[in-house]
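In: Here is a sequence together with a model predicted from it:
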Amino acid sequence: METDAASRTDFYIGLSLAISSSIFIGGSFILKKKGLLRLAGRGSMRAGQGGHAYLKEWLWWAGLISMGAGEAANFAAYAFAPATLVTPLGALSVLVSAVLSSYFLNERLNIHGKIGCLLCILGSTVMVIHAPQEEEVDSLAVMAEKLKDPGFIVFAVCIVVSSLILIFVAAPRYGQKNVLVYILICSVIGSLSVSCVKGLGIGIKELFAGKPVLKDPLIWVLLVCLVGCISTQINYLNKALDIFNTSIVTPIYYVFFTTAVMSCSAILFKEWHRMAADSIVGTISGFLTIILGIFLLHAFKDISFTWDTLPLFLRRGQRGGPWGQPYVPLPSQESLSGGGVRAGSSKGYSPESSNRRNGSVVTT
C-alpha cells in the first residue's frame, strides 16, 4: 500500500515537473524575442546579422534562464514519471509560446491556432489520464538489467545502424531536398538520448538519497552517450531548420521524435505491459490528438482567417442576408402548367424565387 502511494506521489511530481518545464520553455521564447525586438528598436546590430548586443539585454538573459529552468525540470521529470508521459507533454511548450506571443508580441493567433491549442490541451489531458502511473525502473541496478535485455539490444543496434546509413548515405544525397532525412536522424538518436536522460535522472535521485552512484560505471557511460546523442541531434536539427520552413520542421519533428521515444520506452522499460487495453487506446488517441493540434497550430499560422474567407452563404448569413429572409416556396406544378396565380393569393411565382439555391440568390 505504501509502495502504491509512493509511486503515485512520484507520478504527480513528474507530471508537475513536465508541465512546469513546458511553461518555462514556452515563456523563454517570448522573453528572448522581446529582448531582440527591443534591441532592433534601438538600432543595434541584429543577431541574424552577426551581432551580439543581446548579451547586454536583461530580457534575453531572463529568457535564457527560463529555458535553463525548463530543461532542468524536464530532466528531473524523467526520474519520477514514465517517458511515455513526459515526452508528449513537451507539446505544451508550443502551446504556451503561441498563446503568450499573441498577447505580448502582437502575433495573431487565428482560428486554426486556437483549435490547435484546444486539441493539444485535450490530447495532453487524455494522455495524463491513461498514462502508466507506476515506475518500472527505480534504481541504476534495475536500469542495468533493462539495458541487457535482448529486445533492447536489438532495438539499439537497429537505431545505430539506421542512423549511420542516414548520416553517411541518405543525408549527402537527399538531405537538401527531403525534410525527413535530417528529422529521422534527430528522432531515432533522440530516442536513445531520452533513455540516457532517464538513467541519469534515476542516478541523481539515488545520489541525493546518499548512495555512491558516482562509483558506478553505468552513470558515466550514460553521460557520454547523452552528450554524443544531443550533439548529433543539435547538428542535424539546425541543418533542417536552416534549409526548411520552421512550420514544417516543428510538427514533423515532434511526431517522429515522440513516436521514437515512446517505442524505445515500450521496449526498454516495458511500461505498456501493465497497461489495460483501454489505457493503451487512450494514450495513443491522446497522442494523435496532440499531433493534430500541433499540425493546425503550425501549418496554418500564416493564414489570415477572417469572415471574408468564408463561403458566400455563410458571410451573407452573418450579415443578415438570406438566413433572415422569409421562406418563398418553389412554384407548384399547377402554376408551371399554365394555371397562373389564383386570385387573392399573395405567393406568386417569380424568377428570383426559383433561383434560390442553398442560401444564395441569383436574380434573372
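Out: Received, thanks.
In: Tell me who's in contact with Gln233.
Out: Cys186, Ile189, Gly190, Ser193 (CB atoms under 8 Å, 6 or more residues apart in numbering). The C-beta positions use only the backbone N, C-alpha and C, and glycine is treated the same way.
In: Burial check on the residue nearest to it when sequence neighbours are not counted, number of neighbours?
Out: Closest residue to Gln233 apart from its sequence neighbours, by CB to CB, 6 or more residues apart in numbering: Cys186 at 4.8 Å. Neighbour count for Cys186, taken as other CB atoms under 10 Å: 26.
In: So which residues make contact with stretch 275-294?
Out: Residues beyond stretch 275-294 that count as contacts (CB under 8 Å, 6+ apart) turn out to be 84, 88, 91, 94-95, 115-127, 129-132, 250-251, 254-255, 258, 262, 272.
In: could you redo the last one with a cut-off of 6 Å?
Out: By CB atoms under 6 Å, 6 or more residues apart in numbering, the surrounding residues in contact with stretch 275-294 are 88, 91, 116, 119-120, 122-123, 126-127, 130, 132, 251, 254-255.
In: Could you single out the nearest of those to Val169?
Out: The closest of those to Val169 turns out to be Val255 (CB to CB; 23.4 Å).
In: helix/strand/coil for that closest one?
Out: helix (DSSP: H, G, I helix; E, B strand; the rest coil).
In: quick one: which helix or strand includes Ser102?
Out: In this assignment (DSSP states H and E), Ser102 forms part of helix 91-104.
In: Buried residues in that helix, which are they?
Out: Within helix 91-104, the residues that qualify as buried are Ala91, Leu92, Ser93, Val94, Leu95, Val96, Ser97, Ala98, Val99, Leu100, Ser101, Ser102, counting by 16 or more other CB atoms under 10 Å.
In: re the thing from before, now go through the contacts of Gln233 and say which are in helices.
Out: Cys186, Ile189, Gly190, Ser193 (DSSP state H).
In: Dump the contacts of Gln233 into a markdown table; add distance to Ser231 as well.
Out: Listed next are the contacts of Gln233 as a markdown table, based on distance: CB to CB, whole Å:
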| residue | distance to Ser231 |
| --- | --- |
| Cys186 | 11 |
| Ile189 | 10 |
| Gly190 | 12 |
| Ser193 | 10 |
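In: any chance of those in JSON lines, plus distance to Ile291 and pLDDT?
Out: Shown next, in JSON lines, are those (distance: CB to CB, whole Å; pLDDT from 0 to 100):
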{"residue": "Cys186", "distance to Ile291": "17", "pLDDT": "88"}
{"residue": "Ile189", "distance to Ile291": "21", "pLDDT": "91"}
{"residue": "Gly190", "distance to Ile291": "16", "pLDDT": "86"}
{"residue": "Ser193", "distance to Ile291": "21", "pLDDT": "87"}
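In: Asn74: which of these is nearest?
Out: Distances from Asn74 to the contacts of Gln233, taken by CB to CB, are shortest for Ser193, at 12.1 Å.
In: Pretty sure the closest one sits against Cys229.
Out: Yes - shown here, Ser193 and Cys229 form a contact pair, counting by CB atoms under 6 Å, at 3.7 Å.
In: where does the stretch 51-200 of the chain have low pLDDT?
Out: 51-54, 132-136 (pLDDT under 70).
In: all helices of it, in order?
Out: Ranges of helices in the stretch 51-200 of the chain, per DSSP state H, counting those that start in this stretch, are 58-80, 83-86, 91-104, 111-130, 140-147, 150-165, 171-174, 179-208.
In: helices or strands up against the fourth one?
Out: Meaning helix 111-130. helix 91-104, helix 277-299 (3 or more CB pairs under 6 Å, 6 or more residues apart in numbering; DSSP states H and E).
In: Any idea which of these gets closest to Ala141?
Out: helix 277-299 (28.0 Å).
In: quick one: the residue nearest to Val179 when sequence neighbours are not counted and Ile121, what's the gap?
Out: Distances taken as CB to CB, 6+ apart place Phe244 nearest to Val179, at 4.7 Å, with adjacent residues excluded. Phe244 is 28 Å from Ile121, where distance means CB to CB, to the nearest Å.
In: helix, strand or coil for Gln233?
Out: Per three-state DSSP, Gln233 ends up helix.
In: And it, how close does it get to Ile252?
Out: For Gln233, the distance to Ile252 - CB to CB - is 15 Å.
In: count of residues packed around Asp242?
Out: So Asp242, with other CB under 10 Å, has 9 neighbours.
In: re the thing from before, is the residue nearest to Val179 in contact with Leu180, as I believe?
Out: No - look at Phe244 against Leu180 with CB under 6 Å: they stay out of range, at 10.1 Å.
In: Kindly point out which residues are neighbours of both of these two.
Out: The contact lists of Phe244 and Leu180 share no entry, where a contact means CB under 6 Å, 6+ apart.
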